[in-house]
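**Q** Need a 3D model of the sequence below.
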Amino acid sequence: MTQPNDHKILVEFITSTFPMPLADAEKIAEHFHPGSLSKGELFLKQGKPCNIYYFLVDGYARSFTHDLDDNDVTTSFYGPRQVMCELFSFFKRIPSRENMIALTDCSTWHLTFDELQAIFHAMPQFREFGRTILVNAYAGLKNRMLSTLQNTAEERYAQLLRTNPGIFQHAPLKNIASYLGITDTSLSRIRKEFAKNNIN
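**A** Take a look at the predicted model:
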């Protein structure tokens, strides 16, 4: 696991998300604190406000909630070089309706809400970077909602395999099935079909 001993990966992420002078990106990155999460650590609990804005350097995590029948339902997966935050709770300062848990040991850079707000006010470039993160998060949520309505389970599986292949090595299949909105049995069937097609 990569230890966040310098800001290089974070700076690369900032400039690729919202182009800006390297010096500005480095100045923003200097405000982030290094940290780590242990496998199985519940770092956000439903009913508590999300107070930390993470950039995930290494490792995998997921967010989840429970439906009316108390089934564990995965709402999102997070992998290396992604922002990891329950944004609605974080910015609205309200209790989260989701939990977040580390699937593996993770290394992170992070900010508190107050620290992020201070940088927002001090650095216009960071405001634009933050705005882009929010727009991308909304677009991802919208695309997932439409995919659930318009795409087959096989197409949703293929999309996850393309965009976040590492999840299949680190997340239990029951978590992946709940994220895709299908049963464990259906996921097993789809995986066998994909494996057969790849062999052929």
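**Q** which ones are touching the nearest residue to residue 24 once chain neighbours are set aside?
**A** On the basis of CB to CB, 6 or more residues apart in numbering, the spatially nearest residue to residue 24 that is not a chain neighbour turns out to be residue 125, at 4.8 Å. (C-beta placed from N, C-alpha, C; glycine too.) When contacts are counted by CB atoms under 8 Å, 6 or more residues apart in numbering, residue 125 touches 18, 20, 24, 25, 28.
**Q** Okay, residue 125 and residue 43: tell me how far apart.
**A** 28 Å (CB to CB, to the nearest Å).
**Q** Go through the contacts of residue 125 and say which is closest to residue 154.
**A** residue 18 (34.8 Å; CB to CB).
**Q** Can you get me a residue count around residue 191?
**A** 15 (other CB atoms under 10 Å).
**Q** mind listing what's buried in the one helix or strand it maps to?
**A** Here residue 191 is covered by helix 184-199, with elements defined by DSSP states H and E. By 16 or more other CB atoms under 10 Å, the buried positions in helix 184-199 come out as 187, 190.
**Q** Pull the residues that contact it.
**A** Helix 184-199 is contacted from outside by 153, 154, 157, 158, 161, 173, 174, 176, 177, 180, 182, using CB under 8 Å, 6+ apart.
**Q** My read is that residue 24 contacts residue 123, right?
**A** Yes: look at residue 24 against residue 123 with CB atoms under 8 Å: they come within range, at 7.3 Å.
**Q** if we can go back for a sec, so which of the contacts of helix 184-199 are in helices?
**A** Counting by DSSP state H, the members of these that fall within helices are 153, 154, 157, 158, 161, 173, 174, 176, 177, 180.
**Q** I'd like to check which residues are in contact with residue 15.
**A** By CB under 8 Å, 6+ apart, the neighbours of residue 15 are 22, 25.
**Q** try it again with 6 Å
**A** For residue 15, the residues meeting the contact criterion (CB atoms under 6 Å, 6 or more residues apart in numbering) are residue 25.
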